[in-house]
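Compute the structure for the input listed below.
(chains A and B)
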Amino acid sequence: MARVVARDSRAFTELFDEHAPVVLGMLVKMLRRRETAEEVLQETFLQAWNHAGKFDARRASPRGWLILMARSRAIDRLRSSRARADREERKAREDKAVMAEREPGADVSLLARERDLRLAKALDTLPDEQRTCIRLAFLDGLTHTELAERLDQPLGTVKSRISLGMKKLRLVLQ
Amino acid sequence: MSTKHDQRLAELLPSYALGVLDGEDLRTVDDHLAAGCATCDQELLALSGTVEAMAGSIEPVAPSDMVRARTLQSIEKTAVSKASAGPEALEPSSDSSGEPTGGPAAGLAAGWRAAIAAGLILLAWSGWSVIDLRREVNRLAADREGLRQELAAVRTDLTATRTELARTLLASRIVSAPRSRSVLLAGLEAAPESSARTYVDPGSSRAVFYASNLRPLAADETYQLWFIADGTPVSAGTFAVDSDGSASVLVEDVATFESLEAWAVTIEPAGGVPQPTGDMVLLGSVA
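Just a heads-up that it's a prediction; the model follows:
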């Protein structure tokens, strides 16, 4: 990263080639459309180039920093998308149905079709309410407030579920 | 600068790491981190690693060549140290701290992800290399065609030079032959400034003719050289003059010196004639 900060384009190329596939994989999952995901990927790496001096190794690895920036941009896209309202409404119905009639391993079967077994299995180790919160936050980019509205739960409950769920995921994924 | 750790705020860090914190909570955490809290920094680093592992658990998607090229090109203008995105991009980066660390399982997963990522990078780079190679092949083909034409021109020049050299050597032998004799031709009324000299080698029955200060002729005219032997003019060939008015002619099968009476140059229709018909411009008698 020090070389990127020093405006070394070769270091930037290495950064892109090493991390772009993982970042894009996440963005495609969040945004559903590859074209939009690639736009956000490009914006993210340009932001990394232009603001490389803001990278703080005490708080994140280079990949973690890139993922955070990419997620922030993707969430902005999702919020500004007009189609978002329809999607949320549809998802709300699906989520309520899932919460009401949940069968063990449902997330695994849902995501297995998309070949994301590892994340699905990790999520499946969480209690239902934590898994739903994490999945909606991580994949759909719903904020605390949106989660509380979507799930019809108090804000404090949502914060707590995410906090507990992330602590468990840390153990599972490490 | 540092601030006191706040456990209540620490509970918000997982959402902060996911990027889904909003409103007053987001501003509060931002301010707290900006004030400097080593404990929260450490917690955030771990949580960032978890989000990273979650993202890494999703199937990677290699960016298209176009997106990769567009991204890398867009930063070139502001780069201090520039380098093309080539094979060196495949070299392992020293900055690999982005991979999750921990137990053997995490290491194994990291290895698989690295292998998949390397494969995708290799695939993307291969596509890029094919485009580059295609351009290189086209460029080399154009270069080869240019070189081929240049070589043909050089060969033509070489042939002309060899011919001229052989002619010069032959002329030199005629001039320097032991029994060589020369005949001076003087300009007549039609070309008073011109002059010429013919060298005859009786041993080889060859002669060489040099002229100077002759004017260029129209396209439908030519100079024609004659030798007169036993009272009969015999054509020794037609010639044109250089830009400086000089010319030379090699003559084969010249009559015996004893029978030679004179050398002459006339202006004739292009292609020459069997017998002289035009104006005589040079004349030299064999003494």
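
Can you list phi and psi of the residue in chain A positioned nearest to chain B for me?
Distances between chain A and chain B by C-beta to the nearest C-beta are smallest at residue A:63, namely 2.8 Å. (C-beta placed from N, C-alpha, C; glycine too.) Main-chain dihedrals, residue A:63, degrees, to the nearest 10: phi -70, psi -40.

Identify the residues contacting residue 48.
No chain in the question, so chain A it is. A:4, A:12, A:15, A:55, A:65, A:66, A:69 (C-beta atoms under 8 Å, 6 or more residues apart in numbering or on different chains).

wait, chain B
Contacts of residue B:48 by C-beta under 8 Å, 6+ apart are A:59, A:60, A:61, A:64, A:65, A:67, A:68, B:17.

what do you get for residue B:14?
So residue B:14 contacts A:162, A:163, A:165, A:166, A:167, B:47 (C-beta under 8 Å, 6+ apart).

Now with 6 Å, please.
Residue B:14 is in contact with A:162, A:163, A:166, B:47, counting by C-beta atoms under 6 Å, 6 or more residues apart in numbering or on different chains.

picking up where we left off before, would JSON lines of the contacts of residue A:48 with distance to chain B, neighbour count and pLDDT be doable?
Below are the contacts of residue A:48 laid out as JSON lines (distance: C-beta to the nearest C-beta, whole Å; neighbours: other C-beta atoms under 10 Å in any protein chain shown; pLDDT from 0 to 100):
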{"residue": "A:4", "distance to chain B": "9", "neighbour count": "24", "pLDDT": "87"}
{"residue": "A:12", "distance to chain B": "6", "neighbour count": "25", "pLDDT": "91"}
{"residue": "A:15", "distance to chain B": "7", "neighbour count": "25", "pLDDT": "93"}
{"residue": "A:55", "distance to chain B": "11", "neighbour count": "18", "pLDDT": "89"}
{"residue": "A:65", "distance to chain B": "8", "neighbour count": "24", "pLDDT": "92"}
{"residue": "A:66", "distance to chain B": "8", "neighbour count": "28", "pLDDT": "95"}
{"residue": "A:69", "distance to chain B": "9", "neighbour count": "22", "pLDDT": "93"}
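
all helices of the stretch 51-200 of chain B, in order?
B:65-76, B:104-176 (DSSP state H, counting those that start in this stretch).

Those into CSV, with extra columns for mean neighbour count and distance to chain A?
Formatted as CSV, the helices of the stretch 51-200 of chain B follow (neighbours: other C-beta atoms under 10 Å in any protein chain shown; distance: least, C-beta to the nearest C-beta, whole Å):
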stretch, mean neighbour count, distance to chain A
helix B:65-76, 17, 5
helix B:104-176, 12, 5
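
Mean pLDDT for those - can I get that in TSV?
Listed next are the helices of the stretch 51-200 of chain B as TSV, based on pLDDT from 0 to 100:
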stretch	mean pLDDT
helix B:65-76	88
helix B:104-176	77
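
quick one, which of these is nearest to residue B:233?
Closest approach to residue B:233 among these is made by helix B:104-176 (21.5 Å; C-beta to C-beta).

centre of the chain versus stretch B:149-162, how much separation?
In this view, stretch B:149-162 has its centroid 19 Å away from the chain centroid, taken as C-alpha atoms, centre = their mean, to the nearest Å.

re the thing from before, looking at the contacts of residue B:14, which are in helices?
A:162, A:163, A:166, B:47 (DSSP state H).

wouldn't the first one be in contact with residue B:15 here?
Okay, so that is residue A:162. Yes - using C-beta atoms under 6 Å, residue A:162 is in contact with residue B:15, at 5.1 Å.

ok so, going back, just checking, the residue of chain A closest to chain B touches residue A:18?
No - with contact defined as C-beta under 6 Å, residue A:63 does not count as touching residue A:18 (7.8 Å).

From the centroid of chain B, which residue is nearest?
residue B:143 (5.5 Å; C-alpha atoms, centre = their mean).

From residue B:152, how far out is that one?
15 Å (C-beta to C-beta, to the nearest Å).

Just want the most central residue of chain A.
Most central in chain A (C-alpha atoms, centre = their mean) works out to residue A:138, at 3.4 Å.

Backbone dihedrals for it, please?
Dihedral angles (degrees, to the nearest 10) for residue A:138: phi -80, psi -50.

residues in contact with it?
With contact taken as C-beta under 6 Å, 6+ apart, residue A:138 is in contact with B:18, B:54.

Likewise for residue A:76?
Counting by C-beta under 6 Å, 6+ apart, residue A:76 has no contacts.

Spell out the secondary structure type for it.
helix (DSSP: H, G, I helix; E, B strand; the rest coil).

And for residue B:207?
Secondary structure, three-state DSSP: residue B:207 is strand.

Just the pLDDT for it.
pLDDT recorded at residue B:207 is 93.

Just give me the neighbour total for it.
29 (other C-beta atoms under 10 Å in any protein chain shown).

List the beta-bridge partners for it.
residue B:200, residue B:251 (DSSP bridges).

Any chance of JSON lines for the helices of the stretch 51-200 of chain B, columns distance to residue B:214?
What follows is the helices of the stretch 51-200 of chain B, written out as JSON lines (distance: least, C-beta to C-beta, whole Å):
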{"stretch": "helix B:65-76", "distance to residue B:214": "66"}
{"stretch": "helix B:104-176", "distance to residue B:214": "18"}
